[in-house]
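*Asks:* have a look at this prediction, sequence included:
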Amino acid sequence: MNLFPKFEAALPLGAFLAKYGTDAHRARWATAHAQTALTDEQKALLARFTRRTNVLVLAGAWCGDCSSQCPIFERFAEAAPVIQTRYLDRDEHADVQAALQINGGNRVPVAVFFSEDGHEVARYGERTLARYRALVAQLTGEGCATGLVKGGDPTHLAVVQDWLNEFERVQWVLRLSPRLRKLHGD
């Protein structure tokens, strides 16, 4: 399934939360955004990004994993304006949900990365390695995180870095693409 037309129809985060979230959902996302800070080193890395990266995020406003992780993407976009994020509601887009299943299940958030001209580059989600390590260590059986984010939480800091590693990998795939290098003359 070509998912790029879905990116073009998807919503910026504010519009997504206005349409699908409740006041409580929006408050949880806002708190997570406020508690998510990038280091100077992370900001410097993001400032080096030159290729437009379109990121389609399948999410749920109600989802704790989404509310704790998606604000990370917005922080990245603040530091690297070449990153364009758009959100689709998992339940309203069953076709995308089916195309992005993980281990036979409907999971969120799942990010699909596209080049500036709509070629799919990568898919990543729904939890990062750092989050899975924390869950395994706790063995809580937690099905979905609460979405509560505490500034300085070591797991959240590691999740930010895990996501940044994937955004960086995608940026270097795009930067080194012979097709895009020819297009941009670099």
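*Replies:* Cool, got the structure. Numbering: from 1, shown residues only.
*Asks:* this protein: helices as residue ranges?
*Replies:* Using DSSP state H, the helices of the chain run over 4-9, 13-20, 23-35, 40-47, 64-79, 94-99, 129-138, 154-176, 178-184.
*Asks:* ok, which of those helices comes nearest residue 122?
*Replies:* When those are compared by Cβ to Cβ, helix 154-176 sits nearest residue 122, at 5.3 Å. For the C-beta atoms, the positions are set from N, CA and C on the backbone; glycine is no exception.
*Asks:* could you check the angle helix 23-35 makes with that closest one?
*Replies:* Interaxial angle of helix 154-176 relative to helix 23-35 (axes from the mean of the first three to the mean of the last three Cα atoms, to 10 degrees): 80 degrees.
*Asks:* residues touching residue 17, list them.
*Replies:* For residue 17, the contacting residues are 25, 26, 29, 61, by Cβ atoms under 8 Å, 6 or more residues apart in numbering.
*Asks:* list the buried residues for stretch 49-60?
*Replies:* 49, 51, 52, 53, 54, 55, 56, 57, 58, 59, 60 (16 or more other Cβ atoms under 10 Å).
*Asks:* pLDDT weak spots in the protein?
*Replies:* Residue ranges of the chain with pLDDT under 70: 140-151.
*Asks:* let's go with 50 and repeat that
*Replies:* Applying pLDDT under 50 to the chain flags no residue at all.
*Asks:* how far away is the residue nearest to residue 66 when sequence neighbours are not counted from residue 29?
*Replies:* Among residues not flanking residue 66 along the chain, residue 59 sits closest, at 4.3 Å (Cβ to Cβ, 6 or more residues apart in numbering). Distance of residue 59 to residue 29, computed by Cβ to Cβ, to the nearest Å: 10 Å.
*Asks:* try residue 98
*Replies:* On the measure of Cβ to Cβ, residue 98 and residue 29 end up 26 Å apart.
*Asks:* of these two, which one has the most company?
*Replies:* residue 29 (25 against 10; other Cβ atoms under 10 Å).
*Asks:* list the residues that contact the residue lying closest to the more buried one once chain neighbours are set aside.
*Replies:* Spatial nearest neighbour of residue 29, excluding adjacent residues (Cβ to Cβ, 6+ apart): residue 67 at 4.7 Å. Residues in contact with residue 67 (Cβ under 8 Å, 6+ apart) are 25, 28, 29, 32, 61, 147.
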